[in-house]
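1. Sequence and computational prediction follow.
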2 protein chains.
Amino acid sequence: MTQVPARRIEPTMRDVAALAGVSIKTVSRVINDQGGAGADVVERVRAAAQSLGYRPNLSASSLRRSDRRSATLGVLVEDLSNPFDAALLRAVEERARRDRVLVLASSAEDDIDLQREQLESLAGRRVDGVVVMAASGQQDDLQHERSRGTPMVLVDRPPTFSDTDSVTTTNRESSRQAVLQLAAYGHRHIAFLGGRETVWTSQERRIGYLEGLAQAGLRWRDESVCTDLKGVDAAERAVAGLLDLTSAPTAIFTAQNLITVGAMRVLLARGWQHRVALIGFDDFPLADMLDPAITVVRQDVPLIGRTAADLVLSRIEGDRSPAVHAVVPAELVRRGSGELWPPSS
Amino acid sequence: MTQVPARRIEPTMRDVAALAGVSIKTVSRVINDQGGAGADVVERVRAAAQSLGYRPNLSASSLRRSDRRSATLGVLVEDLSNPFDAALLRAVEERARRDRVLVLASSAEDDIDLQREQLESLAGRRVDGVVVMAASGQQDDLQHERSRGTPMVLVDRPPTFSDTDSVTTTNRESSRQAVLQLAAYGHRHIAFLGGRETVWTSQERRIGYLEGLAQAGLRWRDESVCTDLKGVDAAERAVAGLLDLTSAPTAIFTAQNLITVGAMRVLLARGWQHRVALIGFDDFPLADMLDPAITVVRQDVPLIGRTAADLVLSRIEGDRSPAVHAVVPAELVRRGSGELWPPSS
DNA sequence: GCCACGTACGACAACGTTGTCGCAGGGGCG
DNA sequence: CGCCCCTGCGACAACGTTGTCGTACGTGGC
């Protein structure tokens, strides 16, 4: 039977000091390994702390300390249950742990009001810095927080204001590369399906697509570019519409993983999965187990997270060098669906 | 150009008080909406706080406050990038937000030493409570923390000590149900593939499998029960071994999603995916897009998370009623792979 | 006109910790 | 033997906030 006390009572330095027969300050010195205490005293204090189960109160410590560190980082993403966001959080956490820093995680659901609220919450807890996946729309709140001196790194989407670090991936270049590969396989009619246009990455990937078309000398067809798709359903409808065209595309580039899934679903339903080539931006679990396995542009999420954490932690350490805009290369993972030739006509 | 100050300087109540020409205590009253301040004074203080960009310091507040709340919850899972863990975190966060509570997230990697360390870190920040997915092995550290009065809820795996809430799913019952369904489809040789036996859920699901066999009047075959599989590779080898048996099983029950994936991979490689029935425990993304779509036992992760958060938050509010062991029902999602008949012999 | 009472505020201490300073004692050096 | 410095420790204040209590003042009843 676990004996659970009615109220949680944490021993303080005062208690440890009393038991060890020394002053509070001496306890502080021992706990923080500051030296200036005799070996016997250190021993006594350690024993007293141990026997009382003393644990330093980090809130009080950070309040009094001159550097004001809370050893806590805020991570503000769109949706913690999204695999990308989760992997990012994990990578930040792992890097932060090295510095004994913990992570306050929250979802802003791509809503700037909620984002502001969460940002306030984090600031109220005096986090040492924040890693933010900016919600689409005005970044005034982020800029405001930043202008107060809060170390901040934007991930996935860059800041629209200056003096702030960011970590993004090669959205445009990799999209172009995907399109060029489709063109190299002989496709002359390549469709584009993109997500919400308010999101920076959607725009970048669309531009990359257009650049790829241009570079391959292919003409741009209005009816083959579907933007601002929200959710799997919209993607499915769009793909169905494309395939029903009298001159249907022979290849599809999807700019987001949910859209890729929607496209694949429609192709499977029609039995055209080996007839229409498909490359998607962003990897997803089991993409390699479908038939055909899906060729994707894969972001290096762990590296993105680690880089972001590195940046914010070094800013916290006082690094005042100019803002860094790190770009982590994405990789084209060829699995089959992007290596289909167009039907011989 | 964003003007970023060299050092972060947050205004305090003292500053607000000076600007508004009132005492610090009055500022405190206004900020906390405690009343006892004249309308004009409230107005002046609000204006002063606004113009200075004042934000209350929650650390200082929680230090001084009588209830000692930090409005922060710890969530300690195995791996934040695992979809199950991420969904759980998300659900807890969403529920916590209602109470203006933030979530400190950390991964213990199923390592009790790391778990202890993270638990210490959380305790040092004086979180109001913790939601823990217990690492396998001795739960001494958890029990110790619990015995100090920290509100705690275990998720996914129950406590081995008393007086502590938990939220789990119907591991045994749902496993049995899966096996019974396979039997109902005429399968008389059903194999089992399970994960690490140190993990409670693995054991429960194995027991459920055995119960199902017994209930269906099927005999247990030693060579068809593979336990303690670590990772996808091990699962693949085990499945390959099973299928090579002279009397190979006609149906497989996999007790964990990675194992399900491994099994499916082998079946696909051999082209037997329509010949051997498969039911997996735990849903995974795209399970419905494979051919055949995978029948799974799906846990209601959001509900598990919400329930856990509800419990820990009510304990924090002072609920001292006996420990609750909530069991959230899992659901058999029939998609095809579990509804295959054995080859007519 | 007196007292009782309620309201609006401020002074002060305290939460648990750390930075500053000061003091006692010992040892080295001239 | 006197001086200084170094080491080991403690007293005290302060971080930003809130709980307690006191005080001034206005209001109402007799």
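-> It's in. Note that the structure is a prediction, hence the values are computed from the model and not measured. Numbering: from 1, shown residues only, chains lettered A, B, ... in the order given.

2. For the residue nearest to A:Val225 when sequence neighbours are not counted, list the residues it contacts.
-> Once flanking residues are discounted, A:Val225 sits nearest to A:Phe192: 4.7 Å by CB to CB, 6 or more residues apart in numbering or on different chains. C-beta here means a position set from N, CA and C on the backbone, and glycine is covered the same way. By CB atoms under 8 Å, 6 or more residues apart in numbering or on different chains, A:Phe192 lies in contact with A:206, A:209, A:224-227, A:252-253, A:255.

3. Distance to A:Ser51 and secondary structure for the residues you listed - can I get that in JSON lines?
-> Formatted as JSON lines, the contacts of A:Phe192 follow (distance: CB to CB, whole Å; DSSP: H, G, I helix; E, B strand; the rest coil):
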{"residue": "A:Arg206", "distance to A:Ser51": "65", "secondary structure": "helix"}
{"residue": "A:Tyr209", "distance to A:Ser51": "67", "secondary structure": "helix"}
{"residue": "A:Ser224", "distance to A:Ser51": "74", "secondary structure": "helix"}
{"residue": "A:Val225", "distance to A:Ser51": "71", "secondary structure": "strand"}
{"residue": "A:Cys226", "distance to A:Ser51": "68", "secondary structure": "strand"}
{"residue": "A:Thr227", "distance to A:Ser51": "66", "secondary structure": "coil"}
{"residue": "A:Ile252", "distance to A:Ser51": "68", "secondary structure": "strand"}
{"residue": "A:Phe253", "distance to A:Ser51": "66", "secondary structure": "strand"}
{"residue": "A:Ala255", "distance to A:Ser51": "61", "secondary structure": "coil"}
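
4. Pull out the buried members of those.
-> Among the contacts of A:Phe192, those buried by neighbour count (16 or more other CB atoms under 10 Å in any protein chain shown) are A:206, A:209, A:224-226, A:252-253, A:255.

5. Which strands or helices does the helix or strand hosting A:Val42 pack on?
-> Using DSSP states H and E, A:Val42 sits in helix A:39-52. Applying 3 or more CB pairs under 8 Å, 6 or more residues apart in numbering or on different chains; DSSP states H and E, we find helix A:39-52 packed against helix A:13-20, helix A:24-31.

6. Same list, the ones you listed, but as a markdown table with distance to DNA strand C, mean pLDDT and mean neighbour count please.
-> What follows is the helices and strands packed on helix A:39-52, written out as a markdown table (distance: least, CB to the nearest atom of the strand, whole Å; pLDDT from 0 to 100; neighbours: other CB atoms under 10 Å in any protein chain shown):
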| stretch | distance to DNA strand C | mean pLDDT | mean neighbour count |
| --- | --- | --- | --- |
| helix A:13-20 | 3 | 96 | 19 |
| helix A:24-31 | 3 | 96 | 19 |
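
7. want to throw these into a markdown table with distance to A:Arg46?
-> As requested, these are exported to a markdown table (distance: least, CB to CB, whole Å):
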| stretch | distance to A:Arg46 |
| --- | --- |
| helix A:13-20 | 9 |
| helix A:24-31 | 7 |
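
8. isn't A:Val301 right up against A:Asn82?
-> No: the pair A:Val301 and A:Asn82 fails to qualify as a contact (CB atoms under 8 Å) at a distance of 10.9 Å.

9. more crowded one of those two?
-> Shown here are A:Val301 and A:Asn82; by other CB atoms under 10 Å in any protein chain shown, A:Val301 has more neighbours (25 against 19).

10. In a helix, A:Val131, correct?
-> No: applying DSSP: H, G, I helix; E, B strand; the rest coil, one finds A:Val131 to be strand, outside a helix.

11. count of neighbours near A:Gly36?
-> Per other CB under 10 Å, the neighbour tally for A:Gly36 reads 9.

12. Next up, the contacts around it.
-> By CB under 8 Å, 6+ apart, the neighbours of A:Gly36 are A:Arg29.

13. so where does it fall, helix or strand?
-> Assigned by DSSP H and E, A:Gly36 falls outside every helix and strand.

14. Looks to me like A:Leu76 is in a strand.
-> Yes: judged by three-state DSSP, A:Leu76 forms part of a strand.

15. can you list the buried ones among the contacts of A:Phe192 in TSV and add pLDDT and distance to A:Arg196?
-> Below are the buried ones among the contacts of A:Phe192 laid out as TSV (pLDDT from 0 to 100; distance: CB to CB, whole Å):
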residue	pLDDT	distance to A:Arg196
A:Arg206	98	11
A:Tyr209	98	16
A:Ser224	94	19
A:Val225	96	15
A:Cys226	96	12
A:Ile252	98	18
A:Phe253	98	17
A:Ala255	96	10
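
16. nearest to DNA strand C, of the residues you listed?
-> For the buried ones among the contacts of A:Phe192, the residue nearest DNA strand C by CB to the nearest atom of the strand is A:Ala255; the value is 49.8 Å.

17. quick revisit: need the three-state assignment for the residue nearest to A:Val225.
-> strand.

18. what's the spacing between it and A:Ala293?
-> 22 Å (CB to CB, to the nearest Å).

19. A:Pro56 now?
-> 52 Å.

20. for chain B, what are the nearby residues on the stretch 101-250 of chain A?
-> Applying CB under 8 Å from any CB of the partner chain, we find that the stretch 101-250 of chain A lies next to chain B at A:102-107, A:120-126, A:143, A:146-150, A:161-164.

21. Pop the domain breakdown of chain A in here.
-> A:13-56, A:72-169+A:301-329, A:171-299 (automatic domain parsing).

22. May I see those domains arranged in CSV, with distance to DNA strand D as well?
-> Output for the domains of chain A, formatted as CSV (distance: least, CB to the nearest atom of the strand, whole Å):
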stretch, distance to DNA strand D
domain A:13-56, 3
domain A:72-169+A:301-329, 9
domain A:171-299, 35
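
23. Take those and lay them out in TSV including distance to B:Pro322.
-> What follows is these, written out as TSV (distance: least, CB to CB, whole Å):
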stretch	distance to B:Pro322
domain A:13-56	26
domain A:72-169+A:301-329	31
domain A:171-299	40
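
24. for the helix or strand harbouring A:Asp233, packing partners?
-> A:Asp233 is part of helix A:231-243, with elements assigned from DSSP H and E. The contact analysis (3+ CB pairs under 8 Å, 6+ apart) places helix A:231-243 against strand A:190-193, strand A:225-226, strand A:251-254, helix A:257-270.

25. okay, the helix or strand where A:Val327 lies in CSV with CA atoms only?
-> Assigned by DSSP H and E, A:Val327 belongs to strand A:325-328. Only the C-alpha atoms of strand A:325-328 are listed here, as CSV (Å, rounded to 0.1, in the frame of the first residue of the first chain):
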residue,chain,number,x,y,z
HIS,A,325,18.5,31.1,-41.9
ALA,A,326,19.5,27.4,-42.1
VAL,A,327,18.2,25.4,-44.9
VAL,A,328,18.2,21.6,-44.5
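
26. Just after it, pick out the following helix or strand.
-> strand A:331-333.

27. tell me which residues in that next one are buried?
-> For strand A:331-333, by 16+ other CB under 10 Å, it's A:332-333.

28. Could you list the paired strands of it along with their orientation?
-> Its sheet considered, strand A:331-333 pairs with strand A:295-298 (antiparallel) by DSSP bridges.

29. mean confidence score for the next helix or strand after the partner strand?
-> Next along the chain after strand A:295-298, taking DSSP H and E as the criterion, comes helix A:301-316. Helix A:301-316 carries an average pLDDT of 98.

30. can you count the residues close to the residue of the stretch 101-250 of chain A found nearest chain B?
-> At 3.6 Å from chain B, A:Gly149 is the closest residue in the stretch 101-250 of chain A, using CB to the nearest CB. By other CB under 10 Å, 15 other residues sit near A:Gly149.

31. tell me the contacts of the closest residue in space to it that isn't next to it in sequence?
-> Once flanking residues are discounted, A:Gly149 sits nearest to B:Arg8: 3.6 Å by CB to CB, 6+ apart. B:Arg8 makes contact with A:68, A:148-150 under the criterion CB under 8 Å, 6+ apart.

32. Right, I'll call it a day here.
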